[in-house]
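Asks: what's the 3D shape of this:
(chains A and B)
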Amino acid sequence: MLTMFLRSRELLLLVAIAALLVVVTWRFPGFITLANLANVYNDTSILIILALGQMVVILTRCIDLSMAANLALCGMVAAMLNFYVPGLPVLLLVLIAVVLGTALGAINGLLVWKLDIPPIVVTLGTMTIFRGTIFLLSGGAWINAHQMSDLFKSLPRGIVAGMPVLSWLSLAVIIAMLVVMRRTPTGRAFYAVGGNPHAAVYTGLDVGYTRFKAYCLSGGFAGLAGYLWVSRYAVAYVDIAAGFELDVVAACVIGGISIAGGVGTVPGAVLGALFLGIIKNALPVVNISPFAQMAISGTVIIIAVAVNARAERRKGRVILKRAEHVA
Amino acid sequence: MKILKTLLVTAAISTALMANMAHAENKKIALVVKALGIGFFEAANKGAQEAAKELGDVEIIYTGPTTTTAEGQIEVINALIAQKVDAIAVSANDTDALVPALKKAQDRGIKVISWDSGVAKDGRALHLNPSSSPLIGNMIIKLAADNLPEGGDVAVLSATATSTNQNVWIEEMTKVLPNYKGINVVATVYGDDLADKSYRETQGLIQKYPNLKAIIAPTSVGIVAAAQAVTDAGKIGQINVTGLGLPSEMAAHVKSGASKSFAIWNPIDLGYSAAMLSYDLINGAEAKPGAELKMGRMGTLKLDDNNEGAMADPFIYDASNVEEFAKIF
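Replies: Numbering: from 1, shown residues only, chains lettered A, B, ... in the order given. The predicted structure is shown next:
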């Protein structure tokens, strides 16, 4: 029973989330109400979207550290277009943000694919380049709430069937990703390329091109998240979402996406993001010193990685033992 | 490039001087800013011009480099020395780099003061701070208390737990808290100057303290995020967000009613006071510790041991003036 639990990362994570909710509710009873949980989900929506993009990249044995900078750049461009070209429909702005994000992701992908530069170096570089570009575009100035159109700000807040559009959007992304990762050749290729690149080549997959597609996907999600972020907090400036790329990677790691590639699921990434989201939303209401907050987040991530590492090691041993027996 | 820049600066100053020829008896006060084209400093110039009009025999030369560099300011200062201005009031791009140039100016009998952003003691007669920590600490709690005649619960949303400025202001606020009867500070939380964390901390405050009447955010990122969170939670009118922010960033939230008022220095007053203080020095006033110098409508400036002084309380912005100042900074 216990081993089955440990094998299913998603189930384990679900139990951890339930335990977390119990602890938080014990300290602050109001947390467990349906309305509040819906709020927490809504607040975590952006993280979920980003984590799903990051998941695909990590599956192919790469990493995208430029996601938050990409988000900030696309958000700033959408906000500036909204301010300087007031006539543009908001849906077009969202589309522009997504297309721009995809293009920025494609730059990462091309550098990894064609120049064979290590992904961590590429995305560290583009991360600072994107931030610098925002400064060049905006001159360091903020785009403030009164400079954005009302529709631009209210679109993600609009309530449809009891939930904000932002929540519906993340649900749509989750469902789309479930289908893509399970049912399409591209989705399976992400796993294959990360699981064993050499074997993937022999089955006719282009490893570099698959990675390029992964970066385009994560870039597109970052672009969408860029609009959502700027609209949600009603402000755009150079430093928005600074350091958020680490939260995104942390969500993936907690969700059981192996940094070594090839292992990980959509529900895992979603639960990982939700776990972080609950912690982020719970810490302000349970009276914990701001210094302890960082330590808690860090501890959770290390525990998650440790559990991951254990699970993977065990798998390796089992295969070897079988081989011995056969011999 | 450098020659071209020098030529341009010289040309600009000679034009300004030629305009002055007609009234050669006028005192020439140079207002040197970090860089031209910044709304905050344009507003300071507006204040200095106001002072000049009030004083009558003063001509303000508003100048500065095109980018915020110390080298650019040194060129400007050298050009001003050559033109024999009577006083230089500078908002410095670097505390130490300007000192040699400003010393040279003082050796030629030019009065030098710094304002907004100071220079080291050797380089100036006095420094004008826009405000002081005790004044700011008092102002932020006053902003909350003024809208709560019956008293009530208020919370503080700060930057990081280690930000020096905010911690000093909150400490000063706590000292004067007993003067505000019925005002109860229930929590201090930290948004780390990140929009999303500040937003979440505000949501936490709203949930935890159902009777919360005001949130004080003495940080420009925090106050905007808190106002947005209060708006999204539908608590406008119930929770007032106040603290320190910039008019351009807060305009929408004042309009929506999420923030009734907030404070920050007034650049117009700052430019006005800088011009007034320069005029005092030209007319023989001495800048020494303990001295009190006149600043026209802004009252007097009392100098401390470092020859520094604080101009006034932070200026309050509300629905009546925020639109106008939002265009400036």
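Asks: Just give the number of residues close to the single nearest residue of chain A relative to chain B.
Replies: Closest residue of chain A to chain B, C-beta to the nearest C-beta: residue A:284 (2.6 Å). C-beta: built from backbone N, CA, C; applies to glycine. Counted by other C-beta atoms under 10 Å in any protein chain shown, the residues lying close to residue A:284 total 25.
Asks: show me what contacts it?
Replies: By C-beta atoms under 8 Å, 6 or more residues apart in numbering or on different chains, the contact list for residue A:284 reads B:189, B:200-201, B:203-205, B:208.
Asks: now it, nearest residue through space, not along the chain?
Replies: In space, and not counting its chain neighbours, residue A:284 is closest to residue B:204: 2.6 Å by C-beta to C-beta, 6 or more residues apart in numbering or on different chains.
Asks: Model confidence score at that neighbour, please.
Replies: Looking at residue B:204, its pLDDT is 92.
Asks: how close does residue B:313 get to chain A?
Replies: 25 Å (C-beta to the nearest C-beta, to the nearest Å).
Asks: Hmm, residue B:131 and that residue touching each other?
Replies: Yes. When contacts are counted by C-beta atoms under 8 Å, residue B:313 is listed as touching residue B:131 (6.6 Å).
Asks: Can you show me the strands along chain B?
Replies: B:27-32, B:58-63, B:87-90, B:111-115, B:126-129, B:152-158, B:183-190, B:212-217, B:240-243, B:261-264, B:292-294, B:300-302, B:308-310, B:315-318 (DSSP state E).
Asks: which parts of chain A sit against chain B?
Replies: A:28, A:30-31, A:36, A:39, A:43, A:142, A:144-146, A:157, A:229, A:232-235, A:240-244, A:280-281, A:283-285, A:289-291 (C-beta under 8 Å from any C-beta of the partner chain).
Asks: Nearest residue to residue B:141 in space, please, no chain neighbours.
Replies: Using C-beta to C-beta, 6+ apart, the nearest residue to residue B:141 is residue B:173, at 4.9 Å.
Asks: any idea whether residue A:86 is helix, strand or coil?
Replies: What DSSP: H, G, I helix; E, B strand; the rest coil gives for residue A:86 is coil.
Asks: can you give me the helices for the chain?
Replies: I went with chain A, as the question did not name one. Assigned helices in chain A, in chain order: A:2-7, A:9-27, A:34-59, A:67-84, A:90-114, A:119-138, A:150-154, A:165-183, A:185-195, A:197-202, A:207-233, A:244-254, A:266-282, A:290-326 (criterion: DSSP state H).
Asks: think we crossed wires, I meant chain B
Replies: Under DSSP H, chain B gives helices at B:2-20, B:39-55, B:70-82, B:99-107, B:133-146, B:164-176, B:195-208, B:220-232, B:247-256, B:267-282, B:322-326.
Asks: Closest residue of the stretch 101-250 of chain B to chain A?
Replies: residue B:204 (2.6 Å).
Asks: Wait, that residue touches residue A:281, no?
Replies: Yes. Between residue B:204 and residue A:281 a contact is recorded at 7.4 Å, counting by C-beta under 8 Å.
Asks: May I ask which two of the contacts of residue A:284 are separated the most?
Replies: Between any two of the contacts of residue A:284, the greatest separation by C-beta to C-beta is 12.4 Å, found for B:200 and B:208.
Asks: Tell me which of these two has more neighbours.
Replies: Taking neighbours as other C-beta under 10 Å, residue B:200 and residue B:208 compare with residue B:200 leading, 24 against 18.
Asks: rewinding a little: out of the contacts of residue A:284, which is most surrounded?
Replies: That'd be residue B:201 among the contacts of residue A:284, by other C-beta under 10 Å, with 30 neighbours.
Asks: From what I see, that one and residue B:157 are in contact.
Replies: Yes. The pair residue B:201 and residue B:157 qualifies as a contact (C-beta under 8 Å) at a distance of 6.0 Å.
Asks: residues shared between the contacts of the two?
Replies: Joint contacts of residue B:201 and residue B:157 (C-beta under 8 Å, 6+ apart) are B:189-191.
Asks: Would you tell me which residues of the stretch 151-300 of chain B are close to chain A?
Replies: Near chain A, when you scan the stretch 151-300 of chain B using C-beta under 8 Å from any C-beta, you find B:160-161, B:189-190, B:192, B:194-197, B:199-201, B:203-205, B:207-208, B:224-225, B:228, B:232, B:248-253, B:255.
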